[in-house]
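Asker: Pasted the sequence and its predicted model underneath.
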Amino acid sequence: MHTKTIAQLLDLLNKRECSSVELTQIFLDRIKRYDKSLNCFITLTEEMALAAAAVEDQKRAKGQHQFLSGIPIAHKDIFCTQGVKTSCGSKMLDNFISPYDATVVKNFKEAGTILLGKTNMDEFAMGSSNETSYYGPVRNPWDLKAVAGGSSGGSAAAVAASLSPGSTGTDTGGSIRQPAALCNVTGLKPTYGRVSRYGMVAFASSLDQGGPLAKTAEDCALMLQAMAGVDLKDSTSLDKPVPNYCATLNASLEGVRIGIPKEFFQAGLHPEVEASVQEAIKVLEKLGAKIKPISLPNTGLAVPTYYVIAPAEASSNLSRFDGVRFGYRCHEPKNLDDLYKRSRTEGFGAEVKRRILIGTYVLSAGYFDAYYIQAQKVRKLITNDFQEAFREVDIILGPTTPTPAFNLGEKSNDPVSMYLCDIYTINVNLAGLPALSMPGGFVNNRPTGLQLIGNYFEEAKLLNVAHQFQQITDWHAKTPTIFEESLS
Ligand code: GLN
């Protein structure tokens, strides 16, 4: 039961072959059994989940159910959840119980989903390996020595180990796609503005975007359906009609033009990851797609540009954590200065402090033009590269990450090498485009991901291509065997 997709579980619920209470209990039992070794969850909402599942079962019996009624899911602990701890992976918010629901959380509640718990993540979503969390690292279900990827590592690993059929994540520079790739699940980062950011703890506001992680593209389509749409509480959300994402999943790929950017296949790319992309190209050609070489000439500038813009925005966003209004407060402050200093010194971890320092520096009077303004100009060049490419192709294909999952601790003391993990994902956020990562193979039992990038609001096309790919490949259906022991 636990390895079924959301679409399959909905079918069982609709045929009354299982109840939501039974389903919820199965996943809660699996979390209790397996999460000790994985560390995917920061908070489990067991009682709330079972109570909500009973309500959804009653609604279904009366024919009053919604389109995702009774499906258990997990939310990344960056989404504010009313009455539930929302830590953002930080000591700073370890005591924070949100008084309201993020719009994404509210939308999922209205669609009838059941919240199993809140998933582990890099502190304030800053990281590529889920090792900066105050609650300890998430382990990769395929190999417990390996990282799960970050920052939505708990969400990706929970789906991979079948502790939850689907989960939410956020992607500022790759944090949905990168852990999806390293854990062998499907993850979608929507167009900037497609999904409301209200109630999603802010990291870099011009880049942050929430999206789904699940076993298949079809499940991501179902989840995005619940998430997407304009929200008056987020002025950057866009008032554009939300298409029916499932309706076009089976469209033919005959004649779809897929671009392969040459800059994604240079030094640093693991040869077996490259080989998996070459294999995928053959599969897509078989499905009728036309492959075209393209160029995204400013790809190499994306990492340095992002690591100016994201810390700049983060330093400003994180100034709200001052020990006064919410979150951690130091013990017996001597005066106001001491309160600010010690609350922030004790409440934030090393990576967050590094970002605040870089961000404050690049925004400071003498350096603003040299760094921040310059980075904004390069951001425009990167965006133009994509617009140029989308004149010739419908979709861009490449690897999600340069390598499969690395070992825990391997890059923790080398921030630059950690930042380079984001080389293929970050440019997409700088341009505000939608992109999806899907399973594409294994290197020594560690998964690799394939990335599809689309033009603005082309989520349906990405899901269509991924769904068709998943009809004739079975990478996405593989599950890590160590989590298949009997629960009796
Ligand atoms: N790895 C990137 C960073 O550390 C991206 C993180 C994200 O997308 N939240 O900033």
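Answerer: Received the coordinates, thanks. Keep in mind that what you see is a predicted model, and the values were worked out from it rather than measured.

Asker: all contacts plus neighbour counts: C-alpha atoms, from now on.
Answerer: Fine.

Asker: Would you check how far apart Gly211 and the ligand are?
Answerer: Distance of Gly211 to the ligand, computed by Cα to the nearest ligand atom, to the nearest Å: 11 Å.

Asker: Quick check, that residue in contact with Gly193.
Answerer: No. Applying Cα atoms under 8 Å, one finds Gly211 not in contact with Gly193, separated by 11.3 Å.

Asker: Just to confirm, which residue in the protein is farthest away from the center?
Answerer: Lys334 (40.8 Å; Cα atoms, centre = their mean).

Asker: residues in the stretch 51-200 of the chain within reach of the ligand, list them.
Answerer: Contact residues (Cα under 6 Å from any ligand atom) of the stretch 51-200 of the chain with the ligand: Ala125, Met126, Gly127, Ser128, Ser151, Asp171, Thr172, Gly173, Gly174, Ser175.

Asker: give me the number of residues near the fourth one?
Answerer: Counted by other Cα atoms under 10 Å, the residues lying close to Ser128 total 29.

Asker: For it, grab phi and psi.
Answerer: Main-chain dihedrals, Ser128, degrees, to the nearest 10: phi -130, psi 10.

Asker: and it, what does it touch?
Answerer: Ser128 is in contact with Asp122, Gly149, Gly150, Ser151, Ser175, Gln178, Pro179, Met418, Tyr419, Cys421, Asp422, counting by Cα atoms under 8 Å, 6 or more residues apart in numbering.

Asker: count of residues packed around the closest residue to Asn120 other than its chain neighbours?
Answerer: Distances taken as Cα to Cα, 6 or more residues apart in numbering place Gly154 nearest to Asn120, at 4.5 Å, with adjacent residues excluded. Neighbour count of Gly154, defined by other Cα under 10 Å: 36.

Asker: Next: Glu22.
Answerer: Glu22 has 14 nearby residues by other Cα under 10 Å.

Asker: On the three-state scheme, it is what?
Answerer: Under DSSP: H, G, I helix; E, B strand; the rest coil, Glu22 falls in the helix class.

Asker: I'd like to know how far it sits from Gln64.
Answerer: Using Cα to Cα, to the nearest Å, we find Glu22 at a distance of 19 Å from Gln64.

Asker: Kindly report the same for Asp219.
Answerer: Asp219 is 22 Å from Gln64, where distance means Cα to Cα.

Asker: Those two - which one has more neighbours?
Answerer: Remark: of Asp219 and Gln64, Asp219 carries more neighbours, 24 against 11, as counted by other Cα under 10 Å.

Asker: Helix or strand for that one, just tell me which one.
Answerer: Using DSSP states H and E, Asp219 sits in helix 217-227.

Asker: same for that helix, what does it pack against?
Answerer: Applying 3 or more Cα pairs under 8 Å, 6 or more residues apart in numbering; DSSP states H and E, we find helix 217-227 packed against helix 6-14, helix 103-110, strand 186-189, strand 210-214, helix 459-472.

Asker: ok, and what's touching that helix?
Answerer: 5-7, 68, 104, 107-108, 111, 166, 186-188, 195-196, 211-214, 242, 244-246, 249, 438, 460, 463-464, 466-467, 470.

Asker: quick one, helices of the stretch 251-400 of the chain?
Answerer: 271-286, 302-317, 336-347, 350-363, 374-389 (DSSP state H, counting those that start in this stretch).

Asker: Is it possible to get TSV of these that adds mean neighbour count?
Answerer: Below are the helices of the stretch 251-400 of the chain laid out as TSV (neighbours: other Cα atoms under 10 Å):
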stretch	mean neighbour count
helix 271-286	18
helix 302-317	22
helix 336-347	16
helix 350-363	19
helix 374-389	18
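
Asker: Take these and lay them out in a markdown table including mean pLDDT and distance to the ligand.
Answerer: Below are the helices of the stretch 251-400 of the chain laid out as a markdown table (pLDDT from 0 to 100; distance: least, Cα to the nearest ligand atom, whole Å):
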| stretch | mean pLDDT | distance to the ligand |
| --- | --- | --- |
| helix 271-286 | 98 | 19 |
| helix 302-317 | 97 | 7 |
| helix 336-347 | 97 | 19 |
| helix 350-363 | 97 | 9 |
| helix 374-389 | 98 | 15 |
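
Asker: Read off the pLDDT value for the closest residue to Val104 other than its chain neighbours.
Answerer: Distance criterion Cα to Cα, 6+ apart; nearest residue to Val104, sequence neighbours excluded, is Met227 at 5.5 Å. As predicted, Met227 sits at a pLDDT of 98.

Asker: What about the closest residue to Asn95 other than its chain neighbours, how many residues nearby?
Answerer: The shortest distance from Asn95 to any non-neighbouring residue, by Cα to Cα, 6+ apart, is to Gly327 (6.2 Å). Applying other Cα under 10 Å, we find 20 other residues in the vicinity of Gly327.

Asker: Contacts only, for Gly327.
Answerer: Gly327 is in contact with Met92, Leu93, Asp94, Asn95, Phe96, Phe321, counting by Cα under 8 Å, 6+ apart.

Asker: Now neighbour count, secondary structure and pLDDT too, for those, in TSV please.
Answerer: Output for those, formatted as TSV (neighbours: other Cα atoms under 10 Å; DSSP: H, G, I helix; E, B strand; the rest coil; pLDDT from 0 to 100):
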residue	neighbour count	secondary structure	pLDDT
Met92	26	helix	98
Leu93	21	helix	98
Asp94	18	coil	98
Asn95	14	coil	95
Phe96	18	coil	97
Phe321	19	coil	96
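
Asker: Closest to Val84 out of the residues you listed?
Answerer: Phe96 (8.3 Å; Cα to Cα).

Asker: circling back to that earlier point, where's the residue nearest to Asn95 relative to Asp101, distance?
Answerer: Relative to Asp101, Gly327 is positioned 17 Å away (Cα to Cα).

Asker: And Leu68, by the same measure?
Answerer: Using Cα to Cα, one gets 18 Å for the distance from Leu68 to Asp101.

Asker: do the same with Gln64
Answerer: Counting by Cα to Cα, the gap from Gln64 to Asp101 is 23 Å.

Asker: and what of Lys189?
Answerer: Lys189 is 21 Å from Asp101, by Cα to Cα.

Asker: So between those two, which is more surrounded?
Answerer: Between Lys189 and Asp101, counted using other Cα under 10 Å, the more crowded position is Lys189 (34 against 19).

Asker: Who are the contact partners of the more buried one?
Answerer: Thr170, Asp171, Ile176, Arg177, Gln209, Gly210, Gly211, Pro212, Pro434, Ala435, Leu436.

Asker: From what I see, the last one and Leu452 are in contact.
Answerer: Yes. Leu436 is in contact with Leu452 according to Cα under 8 Å; the separation is 5.2 Å.

Asker: got any residues that touch both of those two?
Answerer: By Cα under 8 Å, 6+ apart, the residues touching both Leu436 and Leu452 are Leu462.
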